[in-house]
Every structure is written in C-alpha cells, then in structure tokens.
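Colleague: Next one to model:
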Amino acid sequence: MKVLSLFDGISCGMLALQRAGIPVECYDAFEIDKYAVTVSKRNFPVIVHHGNVYDGDFTQFKGYDLLLGGSPCTYWSIAKKDREIDCDGEGFRLFQEYVRALEESGCQYFLYENNYSVHQNIKDEITRVLGVEPIMINSALVSAQNRKRCYWTNIPFTSFPKDKGILLKDVLESGVTWQDKSYCMTARYPGAVLFNTLERKQRTMVAEPVPINTYCNGETMPMGAAQRGRYVDGEKTEQHIEIREDGKSNCLTTVQKDSLVCSPVRIGQYGKGGQGQRIYSVVGKSVTLSANGGGQGAKTGLYKIDLPDGDYIIRKLTPIEAERLQTLPDNYTAGISNTQRYKCIGNGWTVDVIAHILGGLHDV
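Modeller: As a prediction, this is how the structure comes out:
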C-alpha cells in the first residue's frame, strides 16, 4: 500500500499500519516539527519527509492508496481561550490542505482525525466536505487514557475496539495512582503541576512513596535563606524565598529579609539529589522556582504529602508511561529531550485505535 501522511508527527500512522498487518510499499510524510521528524526517522528510516503541507505538490502522489492526517487541534480545542468556532481561521485552512491532498493525490481511502471538543459548526463542515459522518472513539478502550477523538474515514470497519480493561496503574513504572484512567495526554503536559490534576482534571500526576529520612542522617535541619525580589518579564518583580545549601546563613545586613531561617525544608532525595530529585516538606518555605532542570520534580523539586498510609511525593508521568498511554513502544520517542518527548506524545495518535480502524483495509 502506498501511503501519504499529512501532519505526520512521530509517524504513529506507520506504526499502526504495521500493527494492523497492512504491507506498506512507500510512506511519504509532511511534518514541520523537527523533534517529531527526529523520532520518525529514528524509528522508520524508510519514510520520505517533505516538510510543510502548504508547500506540498500532492499531484506527485497520484496513484497512492491511503491518505492519513489529523490537522493540529490547537485552534479548535475547547482548552483554548477564544478558540475558532467557524471555518474562517487557521485551523480550517490547515484542514483544507488535507482536502487538497485528497483531491490532488486521488487516494482511494482516507482517515482524518481531530478532537471531539471541536465546535459542532466545524465538525459539520468537515463532515460535509469529506462526505462521511465522524465516529467518536475513546482511547480508554485500548489504553489507560481517556481521550475522545473523532475519526472521519471511508475505510470499512464495523465495530469499536474491544475494551482491554487497561488501567493507569498498569502502565506505571513505579508509584500509585488515585485514578483508574489518565486524563488526556496533551502537548502541554510538560507544564503539569498538582492543581492541574486535582482542580482542573487534566495532566494526570501520580504518587510515589517517599524514601524518608535520607537527608542529613535522617534529621531535618534549619536552612539559611533570603527573601529576594526578582524581575519577571523584565519589568515587574516577584518575591522569592531562596535557600542556601551550604548550612551557612547569608551575610548579616541591616535588612532583615537578607538573612532568614527556614526549617524544615528539604527532607530527602532521589539519586544524586539534583534539583529535580530533592524532596521537600510541605511544611516550610518553597524552594526557588528554577527555569530549567530535569528529573521527576523538574523546576520545583518534589513535595512530600502526608497520607494516612505513609508519605508520598506527587510526580509527573515519566516519558515511558506517557508513551504507554498512547500505546507506543517503550522509548519510542527516546533521543530528544523529555520536554519534547511529552509534546510529541501528546500530539500523537493512540496507535491501537488507528490500527483497529486501518484493519478494515483487509476487507477491501
């Protein structure tokens, strides 16, 4: 089968074709995210990449069999303030490139995907243009993630995927969860903080038992600190408590906030105790927010939560756990930074859903 893929991302379409057992003669992809292309090339060196859809001459793909694509939902998503609700914006212009590819290539079969939350006005117009009704499938049937997506396709398939009964706890490398299913994995997951999960019902986080009493021979200790004003966006200033880590106080001055004591703050660590591996008590002052850094507690450190059955930290999902939510192989996105891995995974497809749909090609 000859395949043309628009907005290809990390080539979940190719992986889905393999899982569905569909032989692929050639696979041509259009994608502008350099990190996604890096992942695609590492996993599938045979894919031919062409860049931006706006620059595409799709007549060169005459005779191809299948067109895949899901134009970016950034402009249409309900999570976006002032999202587009009609067909005059950039979101629909990108969809029109998909339509142009379908017309110019003459592909016999097509599969188009987008967010279930897209405004009904836009969904109705997509339906009118493609000539088929959307089918909503929740990825929760085949993975540990709630992810409702609409699929427009002329590939004949007569049933929904069977519920595999996969729960969030089943995909964790370690730790425990208080949810059966993850919230939808999105490209914004790198910025996950606890209130996203508890209050906004998004960006799932999990609990990790704390190896307590691992700092200073099991004893918490006072920490020297200072309250500093730091510029934000080059104009306004914000006050931060900045902790010393050498056991010393700051220089005594006439300004009281220059030399403070916080106790307790840090109570443990993972690994070598880097910024993202330090454990802090919720009693005491916050660690200074770091603009960079990695680890389970990137940017802020890990905060201990006291629960009846023990002490836990709340952490983000690991990249491997995020891959499992999208039914990707472990370390499929390795080779780029974790931040970019999360973004690429969130922008991708749930592979087993796509494989189920593409399986209908066996019957044509």
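Colleague: all contacts plus neighbour counts: C-alpha atoms, from now on.
Modeller: OK.
Colleague: what's the longest helix that the chain contains packed up against?
Modeller: In the chain, taking DSSP state H as the definition, the longest helix is helix 90-105. On a contact count with 3 or more CA pairs under 8 Å, 6 or more residues apart in numbering; DSSP states H and E, helix 90-105 meets strand 66-69.
Colleague: In its sheet, which strands sit next to the strand it packs on, and in what direction?
Modeller: Sheet pairing of strand 66-69 (DSSP bridges) gives strand 2-6 (parallel), strand 109-115 (parallel).
Colleague: so what secondary structure elements neighbour the very next helix or strand once past the last one?
Modeller: Heading C-terminal from strand 109-115, the first helix or strand you meet, by DSSP states H and E, is helix 120-130. Using 3+ CA pairs under 8 Å, 6+ apart as the contact criterion, no secondary-structure element is in contact with helix 120-130.
Colleague: List the buried residues of helix 120-130.
Modeller: 122-123, 126, 130 (16 or more other CA atoms under 10 Å).
Colleague: Let me know the closest of these to Ile32.
Modeller: Nearest to Ile32 out of these is Ile126 (CA to CA; 23.2 Å).
Colleague: Report pLDDT for Ala192.
Modeller: As predicted, Ala192 sits at a pLDDT of 84.
Colleague: pretty sure it is touching Val206, no?
Modeller: No. Contact criterion CA atoms under 8 Å: Ala192 and Val206 do not qualify, at 11.2 Å.
Colleague: circling back to that earlier point, between helix 120-130 and the longest helix of the chain, find me the angle.
Modeller: 10 degrees (axes from the mean of the first three to the mean of the last three CA atoms, to 10 degrees).
Colleague: can you count the residues close to Tyr332?
Modeller: If you count neighbours by other CA atoms under 10 Å, Tyr332 ends up with 18.
Colleague: Also Ala140?
Modeller: As a burial measure, Ala140 scores 25 neighbours (other CA under 10 Å).
Colleague: and Ala29, what helix or strand is that in?
Modeller: Per DSSP H and E: strand 26-30 holds Ala29.
Colleague: so Glu242 sits in a strand?
Modeller: Yes. According to DSSP: H, G, I helix; E, B strand; the rest coil, Glu242 belongs to a strand.
Colleague: Give me the pLDDT for it.
Modeller: Predicted confidence (pLDDT) for Glu242: 72.
Colleague: What are the buried residues along the next helix-or-strand element following the strand holding Ala29?
Modeller: Using DSSP H and E, the helix or strand that follows strand 26-30 in sequence is helix 34-43. The neighbour-count check on helix 34-43 (16+ other CA under 10 Å) flags 35-41, 43 as buried.
Colleague: Pick out the most distant pair among the residues you listed.
Modeller: Tyr35 and Asn43 (12.7 Å).
Colleague: quick revisit: who's more crowded, Ala192 and Val206?
Modeller: Val206 (23 against 16).
Colleague: check contacts around the more buried one.
Modeller: Val206 sits next to 175-178, 314-317 when contact means CA atoms under 8 Å, 6 or more residues apart in numbering.
Colleague: Would you mind giving me the ChimeraX syntax to select the buried ones in these?
Modeller: Buried residues among those (16+ other CA under 10 Å), as a ChimeraX selection:
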select :175,176,177,314,315,316,317
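Colleague: Return the subset of the contacts of Val206 lying in strands.
Modeller: 314-316 (DSSP state E).
Colleague: And Asp363, its phi and psi?
Modeller: phi -100, psi 0 (degrees, to the nearest 10).
Colleague: Would you mind measuring from it to Ile22?
Modeller: 11 Å (CA to CA, to the nearest Å).
Colleague: If you count surrounding residues, which of the two has more?
Modeller: Between Asp363 and Ile22, Ile22 has the larger neighbour count (other CA under 10 Å), namely 17 against 8.
Colleague: Provide the secondary structure category for the more buried one.
Modeller: Strictly by three-state DSSP, Ile22 counts as coil.
Colleague: which non-adjacent residue is nearest Leu361?
Modeller: Using CA to CA, 6 or more residues apart in numbering and skipping the chain neighbours, the partner closest in space to Leu361 is Ile155 (6.4 Å).
Colleague: what's near enough to touch the one you found?
Modeller: Per CA under 8 Å, 6+ apart, neighbours of Ile155: 109-111, 357-358, 360-361.
Colleague: Which of the residues you listed sits closest to Met14?
Modeller: Leu358 (10.6 Å).
Colleague: If anything else comes up later, I'll come back, but that's it for now.
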